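K.L.:
generate coordinates for the sequence data below:
(one chain, ligands or ions: 1)
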Amino acid sequence: MKVSPIGLGTVKLGRDQGVKYPDSFIIPDDREAANLLALCHDLGINLLDTAPAYGRSEERLGPLLRGQRDRWLICSKVGEEFDNQTGQSHFDFTPEHIRLSVERSLRRLETDVIDLMLVHSDGNDMDIIRRYGVLELLDDLKTEGKIRAGGMSTKTVEGGIETLKRSDVAMVTYNLSHAEELPVIDYAQQHDKGILVKKALASGHACLRDEQDPVQASFDFIFAHPGVSSAIIGTINPLHLRSNAAAVEKALGL
Ligand code: NAP
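P.N.:
Residues are numbered from 1 along each chain as shown. Modelled structure (predicted):
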């Protein structure tokens, strides 16, 4: 799988409660979301990141991607469930739930295979890996042809490295104010595994840093590491999308 250096994070297409962005926002309507996706395609972005925990994100993407499924690599998740009514999350890592969740994602996304499926950690990475055998179950789902690759969105170094030992990809937080998970990226580079970076702009807070060009500085920092496969950026602003794509090209010397 060849992912573009940035992917589109789609939390803001599906949910506006329980998020930690600096500013409030209005969820884009279908026309705005379709335009954002078209712009991604024009900019060479081929990776979309979604999850059941992102409110209506998956069920909106299904119809929005009709007729263009082959343009995209879709990453979704299992394990975290968000209740739109209460604005609360709960977690379920049992094999029964994970199978149901994958089938539901396939239906919502109107596809017969999901390119990458990550376990959505609640922070207890090692417990989830050892107690529930989730990464082995993702392997079974690969063999069954329901997903193409598996891994986990982790919150600890130990969990990130264990994920890479047992599967294909770890999604880690890595930005100018959070470099603690660097050893996971080092491990991925040494073992030829995938790394997706979440919160590359510290959920927007990095853009408020008191320096000349904090967005460029963020991407320069992230892409200085050759172990990063792609940074997932959660923007709904076309101007930000364009400037991020340009900043990433500059960071990569393209
Ligand atoms: P992020 O990508 O670091 O930041 C997104 C925020 O930055 C948005 O509020 C966006 O606002 C703003 N922004 C983006 N580009 C900008 C620019 N050039 N100038 C100024 N502001 C800019 O953080 P995130 O959304 O928390 O994380 C990104 C994605 O990672 C999510 O969408 C999700 O797909 C994934 N994620 C996964 C997990 C997990 O546990 N698996 C957790 C968190 C996130 P605008 O919309 O106005 O551009």
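K.L.:
so for L141, what's the nearest residue that isn't a sequence neighbour?
P.N.:
I147 (4.9 Å; C-beta to C-beta, 6 or more residues apart in numbering). Yep, even glycine has a C-beta here, placed from its N, CA and C like the rest.
K.L.:
what's the burial count for that neighbour?
P.N.:
Neighbour count for I147, taken as other C-beta atoms under 10 Å: 26.
K.L.:
V157 reaches D186, doesn't it?
P.N.:
No - using C-beta atoms under 8 Å, V157 is not in contact with D186; the gap is 10.0 Å.
K.L.:
residue farthest from the centroid of this structure?
P.N.:
Distance from the C-alpha centroid of the chain, by C-alpha atoms, centre = their mean, peaks at Q212 (27.7 Å).
K.L.:
how much space between the residue nearest to T94 when sequence neighbours are not counted and D168?
P.N.:
In space, and not counting its chain neighbours, T94 is closest to Y132: 6.5 Å by C-beta to C-beta, 6+ apart. For Y132, the distance to D168 (C-beta to C-beta, to the nearest Å) stands at 18 Å.
K.L.:
of these two, who's got more company?
P.N.:
Using other C-beta under 10 Å as the criterion, Y132 and D168 rank with D168 on top: 22 against 18.
K.L.:
any idea how far the residue nearest to the more buried one when sequence neighbours are not counted lies from the ligand?
P.N.:
Using C-beta to C-beta, 6+ apart and skipping the chain neighbours, the partner closest in space to D168 is A149 (4.2 Å). From A149 over to the ligand the distance is 15 Å, taken as C-beta to the nearest ligand atom, to the nearest Å.
K.L.:
what residues are up against the residue of the stretch 151-254 of the chain at minimum distance from the ligand?
P.N.:
Relative to the ligand, the nearest point of the stretch 151-254 of the chain is G234 (2.3 Å; C-beta to the nearest ligand atom). Residues in contact with G234 (C-beta atoms under 8 Å, 6 or more residues apart in numbering) are 8-12, 203.
K.L.:
wait, what's in contact with D112?
P.N.:
L106.
K.L.:
got phi/psi on it?
P.N.:
phi -100, psi 0 (degrees, to the nearest 10).
K.L.:
what segments of the stretch 101-250 of the chain are strands?
P.N.:
Listed in chain order, the strands of the stretch 101-250 of the chain (DSSP state E, counting those that start in this stretch) span residues 114-120, 147-153, 169-173, 194-198, 230-233.
K.L.:
coming back round to it: and the ligand, which of the contacts of G234 reach it?
P.N.:
9-12, 203 (C-beta under 6 Å from any ligand atom).
K.L.:
just to revisit the earlier point, can you pull the pLDDT of the residue nearest to D168?
P.N.:
Turning to A149, the model gives it a pLDDT of 98.
K.L.:
what do you get for the one 10 residues further on?
P.N.:
The predicted local distance difference test score for G159 is 98.
K.L.:
if we can go back for a sec, how about the residue nearest to D168: which residues does it bridge to?
P.N.:
L116 (DSSP bridges).
K.L.:
residues from the stretch 151-254 of the chain in reach of the ligand?
P.N.:
So far as C-beta under 6 Å from any ligand atom goes, the stretch 151-254 of the chain lies against the ligand at 153, 171, 198-204, 207, 215, 232-237, 240, 243-244.
K.L.:
just the buried residues of the residues you listed.
P.N.:
153, 171, 198-204, 215, 232-236, 240, 244 (16 or more other C-beta atoms under 10 Å).
K.L.:
residues in contact with the residue nearest the centre of the chain?
P.N.:
Geometric centre of the chain, nearest residue: D49, 4.2 Å, by C-alpha atoms, centre = their mean. Shown in contact with D49 (C-beta under 8 Å, 6+ apart): 7-10, 75-76, 196, 198, 232.
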